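Trainee: prediction below, plus the sequence it came from.
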Amino acid sequence: MAEARCPASCGELIQGWLQGGEKLVSCPVNWFSTVAVSDGTPLPTERARMRLVLRAVLRHLSLPSSLEAGLRIEFESSIPVAKGMASSTADIAACAIATARHFGMQLTEKELASLCVGIEPTDSTIFQAPTLFDHQQALTQTPLHERCPEWDMLLLESPDCLRTEDYHRRPRQALLQEYAPQLKRAHQLLTEGMRENNRHKIGAATTLSAQASQALLPKPAFNDIVEIVEQHGLFGLNVAHSGSVVGLLLDTHLHDPEKIIHAMRVNNILVFYPHVRLLHTTLGGVR
């Protein structure tokens, strides 16, 4: 048996039209999908995309396809599904690595990216470094810095669900291109913030990208949330550009989460986001 686990993403730090196409930078947080691959009879509880990527890994490693029938996939995940938190990416990336490990083999991040986008659009949580990623074809894989500074995330979870594939069926190229200058500025700020270990610049970048995303997939009470961010001196906010969650970037040593939650309750923001959770950013990549 071999195991692997991959983190969730609290939306994206930025996502939009950059360098001639749609790209993103994910925001890995400390929720995980853990997958184990072992010899045994397949279970009815496994998720379909895990079986697809297992099959793809066997082909990639030039292993006999007949092995598939004797491989069991088991998983445990704390990541909400269809909310824009990279639950599917975590599932398939962890399954791909666990499959390779089961046979005593390894996959590079580049190989993993290619395998994952062959299944579905993929978040850049699969990379250890914060990475600008072409999530549909994996043609762009550009690290912004070797490591991302850490901060806390106040996750606002809406009851609304949206599958990634449904989002990508929407006609959106014209709007993405319209907001390309804003995304270019957000990318510049994010890159500088990573290199300078400046969380305020990172928050400014994520807020710019979130504001642009309102034209494509609006979040309820968005302007009210921006006002909360400004009133409490938070670093910024980010959103799931193809999902329903919103994240507030903060540091619990500098900011009081309970005070922020109370302010959102008073302003009726939590009517739209009934579940609020405190998370922490983490290193990307499959463990």
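Mentor: Yep, it's here. Numbering: from 1, shown residues only.
Trainee: now do residue 29 against residue 189, distance only.
Mentor: Distance of residue 29 to residue 189, computed by C-beta to C-beta, to the nearest Å: 21 Å. Placement of C-beta: from N, CA and C, glycine included.
Trainee: before we move on, what about residue 53?
Mentor: 34 Å.
Trainee: looking at these two, which is more packed in?
Mentor: Higher neighbour count among residue 53 and residue 189: residue 53, with 27 against 23, using other C-beta atoms under 10 Å.
Trainee: what residues are up against the more buried one?
Mentor: 92, 95, 96, 99, 115, 116, 119 (C-beta atoms under 8 Å, 6 or more residues apart in numbering).
Trainee: can you give me the helices for the stretch 1-150 of the chain?
Mentor: 48-60, 87-102, 109-117 (DSSP state H, counting those that start in this stretch).
Trainee: check which helices and strands the longest one is in contact with.
Mentor: Going back to what we said before, that points to helix 87-102. strand 2-18, strand 21-39, helix 48-60, strand 71-77, helix 109-117 (3 or more C-beta pairs under 8 Å, 6 or more residues apart in numbering; DSSP states H and E).
Trainee: reformat those as TSV; add distance to residue 180 and mean pLDDT.
Mentor: Listed next are those as TSV, based on distance: least, C-beta to C-beta, whole Å; pLDDT from 0 to 100:
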stretch	distance to residue 180	mean pLDDT
strand 2-18	4	98
strand 21-39	10	98
helix 48-60	31	98
strand 71-77	35	98
helix 109-117	22	98
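Trainee: highest mean neighbour count out of the ones you listed?
Mentor: Among those, strand 2-18 has the highest mean neighbour count (mean count of other C-beta atoms under 10 Å), at a mean of 27.
Trainee: what domains does the record give for this protein?
Mentor: Using the TED database, the domain parsing of the chain gives 2-142, 145-280.
Trainee: in the protein, what helix or strand scores lowest on average pLDDT?
Mentor: Ranked by mean pLDDT, DSSP states H and E, the weakest helix or strand in the chain is helix 164-168, scoring a mean of 71.
Trainee: which SSE is immediately downstream of it?
Mentor: Proceeding N to C from helix 164-168, the next assigned helix or strand is helix 173-178, under DSSP states H and E.
Trainee: what comes up buried for that following helix?
Mentor: Neighbour counts over helix 173-178 (16 or more other C-beta atoms under 10 Å) mark 175, 176 as buried.
Trainee: any idea how far it is from the chain center?
Mentor: Computed by C-alpha atoms, centre = their mean, to the nearest Å, the chain-centroid distance of helix 173-178 equals 22 Å.
Trainee: and it, what does it pack onto?
Mentor: strand 2-18.
Trainee: helix 87-102 and the strand it packs on, what's the angle between them?
Mentor: Angle, strand 2-18 to helix 87-102, by axes from the mean of the first three to the mean of the last three C-alpha atoms, to 10 degrees: 140 degrees.
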